[in-house]
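Asks: Requesting a structural model of the entry that follows:
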Amino acid sequence: MTKVLIKKLYPSVKIPTYKTNGASGVDLMAYLKEPVRLKPNSSCLVPTGISVAFSKDFEIQIRSRSGLAAKNNICVLNSPGTIDSDYRGEIKVILFNQGNKIFLIQNKDRIAQMILVPVFKMQFEEVENLPETIRGEGGFGSTGR
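Replies: Okay, here's the model as predicted:
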């Protein structure tokens, strides 16, 4: 296990926990003073009331909860959202309503998943030409359906 330091920004905030031994992520909860009505085809920024610190060899990804997506058409807009290791502000989640009904977000609703992921840094080497491949410059849809 990798240690992640977590700071509760408000006393009533609950620290996220894994719900099962096989869970990859923990659920993030909304920290709201009043409910938010998320209109269809709209997004909003939902605070969680926590901030974190962790090793520079990782990032935290914020992903949609499958239940919210399947049952309510609610997803994380920039999925996966990235929390960099040097960010110390409050974690906030951009939720998007893809459905046709208003979705009510209330305090302590589970709104997204938070996953710790290793980061591999890239070292760039400038070249005149890249190695050839069968695909070449074929882009979107070039390999068929």
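Asks: Next one: the residue nearest the centre of the chain from residue 21, what distance?
Replies: Relative to the mean C-alpha position of the chain, the nearest C-alpha, by CA atoms, centre = their mean, is the one of residue 62, at 1.3 Å. Per CB to CB, to the nearest Å, residue 62 is found 22 Å from residue 21. C-beta coordinates here come from the backbone N, C-alpha and C atoms, glycine included.
Asks: tell me the mean pLDDT over stretch 112-125?
Replies: Across stretch 112-125, pLDDT averages out at 97.
Asks: repeat for stretch 56-73
Replies: On average, the pLDDT along stretch 56-73 is 97.
Asks: that older thread, double-check the residue nearest to the centre of the chain against residue 92; I have them as touching.
Replies: No. Residue 62 lies out of contact with residue 92 (CB atoms under 8 Å); the separation is 9.1 Å.
Asks: report the longest strand in the protein, please.
Replies: strand 110-118 (DSSP state E).
Asks: mind listing the helices in the protein by residue range?
Replies: 66-72 (DSSP state H).
Asks: pLDDT below threshold where in the protein?
Replies: Within the chain, the segments meeting pLDDT under 70 span 142.
Asks: mind redoing it with 90?
Replies: Residue ranges of the chain with pLDDT under 90: 1, 134-145.
Asks: any chance you could map the strands in it?
Replies: Under DSSP E, the chain gives strands at 5-8, 26-29, 36-38, 43-47, 50-53, 58-63, 74-76, 81-83, 92-97, 103-105, 110-118.
Asks: Let me see the contact set for the closest residue to residue 7 other than its chain neighbours.
Replies: Distance criterion CB to CB, 6 or more residues apart in numbering; nearest residue to residue 7, sequence neighbours excluded, is residue 51 at 4.8 Å. Contacts for residue 51 were tallied using CB atoms under 8 Å, 6 or more residues apart in numbering; they are 6-7, 9, 88-91.
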